[in-house]
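Asks: Please find the sequence and the predicted model below.
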Amino acid sequence: MTLGFLDIVPIILVFAFYFLGMPIVYSLFGATFFYFLFIDTTSAPWLILQKVMNSTQSFSMLAIPFFIMSGSVMNFGGISDKLMDFCECVTGHMRGGLAQVNVLLSMLMGGCSGSANADCAMQSKMLVPEMEKRGYSKAFSAAITAASSAATPVIPPGVNLIVFTLIAQASLGRTFAAGYIPGFLMSIAMMITVAIIAKKRNYPTTRDKFPPVRHVLKQAFISFWGLFFPFGIILGMRFGMFTPSEGGAVAVLYCFIIGRFVYRKLSFRKHFIPILMDTIAGTSSVVLIMVSANVFGNYMSWVNLPKIVAKAVLDLTTNKYIFLMLCNVILLIMGMFLEGGAALMIITPLLLPVALQLGINVYHFGLVALVNIMIGGITPPFGSMMFTTCGITGCKISDFLKEVWPFIICLFAVLLLLTFCPTLITFVPDLLYGPG
């Protein structure tokens with residue numbers, strides 16, 4: 001099996017269109033339609049359009065708008081504010097207190113926004129100005145905000161976890177459970193890095209000392225509804241109370257009740273339209289990328305690209321750890337150029353079959369891929385979280401890059417640990433669901 005030059009034209013076109021400023025969705029659509037309209041005309045164009053429509057006909061995809069909406073309801077309903085109060089209570093006494101709050105809040109927001117860009121946009125508006133007032137440089141504040149948001153999609157119910165599950169045809173409950181330890185490790189590594197930098201630069205604390213245990217427990221009780229949210233979703237699916245899609249609907253209802261009747265900050269009349277607009281914007285971007293990636297995947301299957309890639313990789317190595325390191329290099333480069341969801345959807349159909357042939361657990365591969373792509377999101381030249389944070393805060397990218405490299409290094413260390421210690425990923429799913 002070999003590919004001719006004309007067979008790889010769509011791949012060249014995708015990158016050409018993207019670097020010319022065309023959104024990745026239209027780059028994928030344009031390259032695919034160009035191939036089937038002008039290069040290989042044996043397939044009727046309406047079949048490609050049918051593929052576009054069929055890509056949206058998935059009951060499991062209902063989980064995406066529901067979890068996006070639940071994150072928006074949390075923000076408007078005051079649940080996110082209560083989570084931030086809890087983070088400040090726990091880490092405010094530490095050197096670089098607000099920066100530690102930034103990391104811990106991103107970890108907890110994994111169960112709320114589920115999106116790295118949504119998380120760094122929210123914290124860029126909420127925490128970065130306050131950090132600047134407390135003596136932190138704008139570049140450092142922007143760097144820790146972007147870096148900490150890399151953990152958000154890894155912790156359930158991150159949208160990219162749902163995307164991977166749909167592509168890999170895996171169990172969403174196991175995928176969610178697999179994300180806990182990697183997400184916690186990423187957050188802990190960044191908190192250690194913040195502590196080292198803060199001590200060196202003598203950054204301030206927000207509290208003189210760790211508060212009394214009674215005060216911490218009181219704040220945990222106030223913030224309980226937000227802290228319980230991600231675990232409640234996992235437990236509900238584990239015990240068969242609802243499917244993943246139904247779990248998304250339950251999450252929305254839960255957040256509405258807590259925001260309206262417990263914290264009393266949610267107004268249906270005032271907030272319904274903004275919540276709806278946030279949900280439409282978030283869902284449309286994710287689903288459009290999924291559909292375009294599925295259509296592009298149709299082209300890859302047509303030219304047997306997955307089989308050719310699998311054969312080439314297996315001819316190169318049959319050692320699963322060398323394969324995973326090769327995947328790390330490929331995914332890191334893709335993450336630098338493409339939005340995380342798009343990179344995940346393009347690369348998974350190519351590399352997952354090879355991983356399975358080499359005996360790599362599907363959840364091990366998925367989480368390593370996701371962590372890798374998230375690191376790419378804060379690295380130049382086109383890291384999406386880098387641009388989101390710098391755009392909102394007004395930080396120069398050159399200044400941002402000077403401050404973000406320690407966090408990139410610590411995340412790389414976590415990535416290598418996850419690559420060579422699959423038990424860190426499979427332990428919680430096996431504990432909850434039995435051996436996979």
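Replies: Now that the structure is in, tell me what you want to look at.
Asks: which SSE is Ile11 in?
Replies: Counting by DSSP states H and E, the element that carries Ile11 is helix 9-19.
Asks: how about that helix: buried residues?
Replies: Val9, Pro10, Ile11, Leu13, Val14, Phe17, Tyr18 (16 or more other C-beta atoms under 10 Å). Glycine gets a C-beta too; all of them are placed from N, C-alpha and C.
Asks: pLDDT wise, what is the third one at?
Replies: Pointing back at Ile11 there. pLDDT recorded at Ile11 is 86.
Asks: remind me, longest helix of this structure?
Replies: Determined from DSSP state H, the single longest helix within the chain is helix 268-302.
Asks: Show me what that helix is packed against.
Replies: helix 9-19, helix 24-34, helix 45-54, helix 63-76, helix 159-168, helix 340-357 (3 or more C-beta pairs under 8 Å, 6 or more residues apart in numbering; DSSP states H and E).
Asks: Name the residues that touch the helix or strand just after it?
Replies: With elements assigned by DSSP H and E, the helix or strand that comes after helix 268-302 is helix 305-316. Residues outside helix 305-316 that contact it (C-beta atoms under 8 Å, 6 or more residues apart in numbering): 1-3, 300, 323, 326, 349-351, 353-354, 357-358.
Asks: tell me the angle of the least confident helix or strand in the chain by mean pLDDT relative to helix 159-168?
Replies: Ranking every helix and strand in the chain by mean pLDDT, DSSP states H and E puts helix 116-126 at the bottom, with a mean of 72. For helix 116-126 against helix 159-168, the angle by axes from the mean of the first three to the mean of the last three C-alpha atoms, to 10 degrees is 170 degrees.
Asks: buried sites along helix 116-126?
Replies: By neighbour count on 16+ other C-beta under 10 Å, the buried set for helix 116-126 is Ala116, Asn117, Ala118, Asp119, Cys120, Ala121, Met122, Gln123, Ser124, Met126.
Asks: Contacts for that helix, please.
Replies: 71, 75, 80, 84, 102, 105-106, 109, 113, 142, 145-146, 148-150, 152-153, 282, 340, 374, 377, 384-385, 388-389, 392-393.
Asks: Now, those residues that are in helices?
Replies: 71, 75, 80, 84, 102, 105-106, 109, 142, 145-146, 148, 282, 340, 374, 384-385, 388-389, 392-393.
Asks: any idea of the angle the longest helix of the chain forms with helix 63-76?
Replies: Using the same axes, to 10 degrees: helix 268-302 against helix 63-76 is 150 degrees.
Asks: what mean pLDDT does helix 268-302 have?
Replies: 82.
Asks: Neighbours of Leu47, how many?
Replies: Leu47 has 10 neighbours, counted by other C-beta atoms under 10 Å.
Asks: mind checking pLDDT for the closest residue to Pro274 other than its chain neighbours?
Replies: Nearest residue to Pro274 in three dimensions, chain neighbours excluded: Phe76, at 6.7 Å (C-beta to C-beta, 6 or more residues apart in numbering). With respect to pLDDT, Phe76 scores 84.
Asks: Ok, Pro45 next?
Replies: pLDDT, Pro45: 72.
Asks: Tell me where the model's unsure across the stretch 251-400 of the chain.
Replies: Within the stretch 251-400 of the chain, the ranges that satisfy pLDDT under 70 run 337-340, 381-382.
Asks: ok, 50 please
Replies: Within the stretch 251-400 of the chain, no stretch has pLDDT under 50.
Asks: Can you give me the distance of Pro230 to Phe184?
Replies: 12 Å (C-beta to C-beta, to the nearest Å).
Asks: Give me the common contacts of those two.
Replies: With C-beta under 8 Å, 6+ apart, Pro230 and Phe184 have common neighbours Ile155.
Asks: With neighbour numbers in mind, choose between those two.
Replies: Neighbour tally, Pro230 and Phe184, criterion other C-beta under 10 Å: the higher count belongs to Pro230, 24 against 17.
Asks: I'd say that one and Pro157 touch.
Replies: Yes. Pro230 is within contact range of Pro157, at 6.5 Å (criterion: C-beta atoms under 8 Å).
Asks: picking that back up, what lies in contact with the helix holding Ile11?
Replies: 24, 26-28, 30-32, 34-35, 39, 296, 299, 337-338.
Asks: Okay then, goodbye and thanks.
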